[in-house]
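Asker: Provide a 3D model corresponding to the input given below.
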Amino acid sequence: MNLFKRTAVAGLALCALASCSGGSTSSSQDTSGAIPQCDVVADGSCQGADLAGANFSGKDLSGIDFRHAHLAGANFSKANLTQANFYGADVAGANFEDAVLVRASFDGAKMDGANMGHTRLSGVNFKKAELVNADFIGAFATDANFSGATGNDKLTGAFLCKTTMPNGEVAGGSC
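Answerer: Residues are numbered from 1 along each chain as shown. I've put the predicted structure just below:
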């Protein structure tokens with residue numbers, strides 16, 4: 001049943017992204033009431049949802065709640081994730097390239113292998129995030145907080161401006 005719920009949630013999310021019109025589908029399974037509500041829209045809530053591998057490229061998901069969601073391998077390239085909440089989420093291997101992440105939170109998120117290349121990270125919280133093999137090449141981080149983050153202590157390749165590093169030191173104070 002758990003696999004059924006995850007598959008149904010992923011299907012609904014993809015349907016929402018593709019602007020499904022509610023017409024008939026090839027599935028004969030009735031999922032009404034069988035899955036948690038997940039609104040993949042700006043200010044929506046997908047808390048705890050399993051949306052691994054979903055494509056959110058170019059979408060406006062500002063203010064969305066992805067707390068504790070499973071988003072491994074998801075594509076957020078060029079998405080607007082202003083004030084999005086990824087607290088405790090699994091975004092391992094997710095692609096955030098060219099995304100806008102203003103005042104977003106990845107506090108305690110699992111970000112192993114995530115691509116944060118060329119992102120705008122303004123006021124983003126990465127406290128205690130797992131950053132093993134996370135790629136920040138070309139990212140612009142200003143007023144970001146990486147205190148207590150593990151796995152990528154130097155944020156190699158990122159432009160840092162007033163950014164709190166994993167060890168608590170502030171980098172790029174004169175930018």
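Asker: show me where pLDDT drops low in this protein?
Answerer: Along the chain, segments meeting pLDDT under 70 span 1-37, 174.
Asker: Residue 149 and residue 124 touch, don't they?
Answerer: No. The criterion here is Cβ atoms under 8 Å, and residue 149 misses it with residue 124 at 11.3 Å. Yep, even glycine has a C-beta here, placed from its N, CA and C like the rest.
Asker: for residue 45, what are its contacts?
Answerer: Contacts for residue 45 (Cβ atoms under 8 Å, 6 or more residues apart in numbering) come out as 37-39, 64-65.
Asker: Pick out the most distant pair among those.
Answerer: Greatest spatial distance among these (Cβ to Cβ): 37 and 64, at 13.1 Å.
Asker: quick one: the residue nearest to residue 166 when sequence neighbours are not counted and residue 175, what's the gap?
Answerer: Leaving aside its chain neighbours, residue 166 sits nearest to residue 149 (4.5 Å; criterion: Cβ to Cβ, 6 or more residues apart in numbering). Distance, residue 149 to residue 175, using Cβ to Cβ, to the nearest Å: 20 Å.
Asker: ok, those two, which is more surrounded?
Answerer: Neighbours per residue, other Cβ atoms under 10 Å: of residue 149 and residue 175, the larger number sits with residue 149, 26 against 11.
Asker: As a check, name the ranges of all strands in the protein.
Answerer: 100-102, 120-122, 140-142, 159-161, 163-164, 170-171 (DSSP state E).
Asker: Would you mind giving these as a markdown table with distance to residue 112 and mean neighbour count added?
Answerer: Shown next, in a markdown table, are these (distance: least, Cβ to Cβ, whole Å; neighbours: other Cβ atoms under 10 Å):
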| stretch | distance to residue 112 | mean neighbour count |
| --- | --- | --- |
| strand 100-102 | 18 | 21 |
| strand 120-122 | 18 | 21 |
| strand 140-142 | 19 | 20 |
| strand 159-161 | 21 | 19 |
| strand 163-164 | 21 | 22 |
| strand 170-171 | 22 | 16 |
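Asker: Now those in a markdown table, please, with extra columns for distance to residue 88.
Answerer: A markdown table is the format used below for the strands of the chain (distance: least, Cβ to Cβ, whole Å):
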| stretch | distance to residue 88 |
| --- | --- |
| strand 100-102 | 17 |
| strand 120-122 | 19 |
| strand 140-142 | 21 |
| strand 159-161 | 25 |
| strand 163-164 | 20 |
| strand 170-171 | 25 |
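Asker: Between those, which one is closest to residue 54.
Answerer: strand 100-102 (17.4 Å).
Asker: which strands and helices sit next to the closest one?
Answerer: strand 120-122 (3 or more Cβ pairs under 8 Å, 6 or more residues apart in numbering; DSSP states H and E).
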